[in-house]
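1. take this sequence and fold it.
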Amino acid sequence: MIEIKAPHQDTGIDYKIPRIFLAGSIEMGVAENWQTRVAKDMADYDVVLLNPRRDDWDSSWRQSIDDPQFNEQVTWELDGLDTADIVIFYFDPTTKSPITLMELGIFANHERLAHVIVCCPDGFWRKGNVEMVCDRYSMILVDNYNEMIELLTTHVQGCA
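-> Next up, the predicted model:
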């Protein structure tokens, strides 16, 4: 397993192995660091994990296209979503995750629909909306992290 965290690029990676984008709750200090769990669970698989959870994130960055660090982060995420073979969305029930909701909406009707697994546990404040989008656009929806990993590993094994 190769893990690439934002803003690092994946130049030189063998693109014959599945690229998995980890879309989901990041709200620092609130959201579980579920991306680390995925990396541990996928350690023995031949995959590239694209992890937007940035080690050097600075909440003082202006949320503006004109802020170079913010622009770099969002561009990295959008590029990762566009090029991934598999996208997993995880909605931590202790968060609001507005960006993840937006990304799910964008991706629902994406031209190049990668394989998508959405995990939305009970308690997420907009679970009904997530259920409706997944149903409308035929995206796989599971209720817990373990189901998400089970499906992910099954798909990765099918890509080998």
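
2. pretty sure residue 54 sits against residue 7.
-> Yes. In this structure residue 54 lies within contact range of residue 7 using C-beta atoms under 8 Å: 6.8 Å. Where you see a C-beta, it was placed from the backbone N, CA and C, and this is true even at glycine.

3. comparing the two, which shows the higher neighbour count?
-> Just comparing residue 54 and residue 7: by other C-beta atoms under 10 Å the higher neighbour count belongs to residue 54, 18 against 14.

4. next, that one: phi, psi?
-> Main-chain dihedrals, residue 54, degrees, to the nearest 10: phi -90, psi 130.

5. which residues touch it?
-> With C-beta atoms under 8 Å, 6 or more residues apart in numbering as the criterion, the residues that contact residue 54 are 5-7, 73.

6. distance of the one residue sitting closest to the centre of the chain from residue 66?
-> Nearest residue to the geometric centre of the chain (C-alpha atoms, centre = their mean): residue 23, 1.6 Å. Note on residue 23: its distance to residue 66, by C-beta to C-beta, to the nearest Å, is 25 Å.

7. let me see the contact set for residue 2.
-> Contact analysis of residue 2 by C-beta under 8 Å, 6+ apart lists 10, 13, 47-49.

8. and if you look at residue 107?
-> The neighbourhood of residue 107, defined by C-beta under 8 Å, 6+ apart, consists of 23, 81, 87, 113, 116.

9. return the subset of these lying in helices.
-> Where these overlap with helices, as defined by DSSP state H, the overlap consists of residue 81.

10. and the buried ones among the contacts of residue 107, selectable in ChimeraX?
-> Burial among the contacts of residue 107 is assessed by 16 or more other C-beta atoms under 10 Å; the matching ChimeraX selection reads:
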select :23,81,87,116
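
11. which PyMOL command selects the buried ones in the contacts of residue 54?
-> Buried subset of those, written as a PyMOL selection, criterion 16+ other C-beta under 10 Å:
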select buried, resi 5+6+73
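
12. pick the one among the contacts of residue 54 closest to residue 138.
-> Lowest distance from residue 138 to the contacts of residue 54 (C-beta to C-beta) belongs to residue 6, with 28.8 Å.
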